[in-house]
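S.K.: The sequence and its predicted three-dimensional model are supplied below.
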Amino acid sequence: MAESHFFALVSRMRHIERWQLMRSTTHDNLAEHSLDVAMIAHALATIGNVRYGRSLDADRAALWGIFHDAPEIITGDLATPVKYYSDRITDAYREVEAAAVESLLSTLPDDLRPSYEAILAPSEDGDDAEYLHRLVKAADKVSALVKCIEEGSAGNAEFASAAASIRAGLDEMAADLPELADFMAEFLPSYGSTLDELLG
């Protein structure tokens, strides 16, 4: 049986620092962010199923959340203002990202590759898959907002403008995603609280 580097590579998520252009009170890495996104994506899909009569695969949403930024193991975390500075840069980054996904997949044994290709490069075909993908994107933004809220609670004003921009984007997304609107109304206000406040 040939040796595979796939999971050793994936384990390097913890070495990829996020928010590198910002002064942070606590450092945030890709592994921590991916766990947050997975939990929030699972919650959004569950809310959709329980409250809105959907038949979404919440476990699949969580799995997509875990791996959604896996290409950054190779590319690093490119700051959002740079990534979306122009269509040309965005398109070029998407090409680099696709090449990074291919590099990761190429380290898998042939019999396992199709299973992980469906996770790292999921198809958006079908209403449920497309909707689930939107929920994972929303969860990614919620996780970013949570970071901004926590930095603000620690007295760091560096993230104030990012928080306002991300919240505006989420409000716009929530108009079409009632699961997101519910999460923001019910769960988001608790972030940034102390442990005593949360348990009290």
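M.R.: Right, received. Where do you want to start? Note that the structure is a prediction, hence the values are computed from the model and not measured.
S.K.: Dump the host helix or strand of residue 165 to CSV, restricted to CA.
M.R.: Under the criterion DSSP states H and E, the helix or strand holding residue 165 is helix 160-174. Below are the C-alpha coordinates for helix 160-174, written out as CSV (Å, rounded to 0.1, in the frame of the first residue of the first chain):
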residue,chain,number,x,y,z
ALA,A,160,-14.9,47.7,14.0
SER,A,161,-15.0,48.4,10.3
ALA,A,162,-14.7,44.7,9.3
ALA,A,163,-17.5,44.0,11.8
ALA,A,164,-19.8,46.6,10.2
SER,A,165,-19.1,45.4,6.7
ILE,A,166,-19.5,41.7,7.5
ARG,A,167,-22.8,42.3,9.4
ALA,A,168,-24.2,44.3,6.5
GLY,A,169,-23.3,41.4,4.2
LEU,A,170,-25.0,38.9,6.5
ASP,A,171,-28.1,41.1,6.9
GLU,A,172,-28.4,41.0,3.1
MET,A,173,-27.9,37.2,3.0
ALA,A,174,-30.5,36.7,5.8
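S.K.: can you list contacts of the worst-scoring helix or strand of the chain on mean pLDDT?
M.R.: Ranking every helix and strand in the chain by mean pLDDT, DSSP states H and E puts helix 80-83 at the bottom, with a mean of 72. In this structure, residues lying in contact with helix 80-83 by Cβ atoms under 8 Å, 6 or more residues apart in numbering are 21, 89-90, 93. Just so you know, the C-beta spots here come from the backbone N, C-alpha and C atoms, and that holds for glycine as well.
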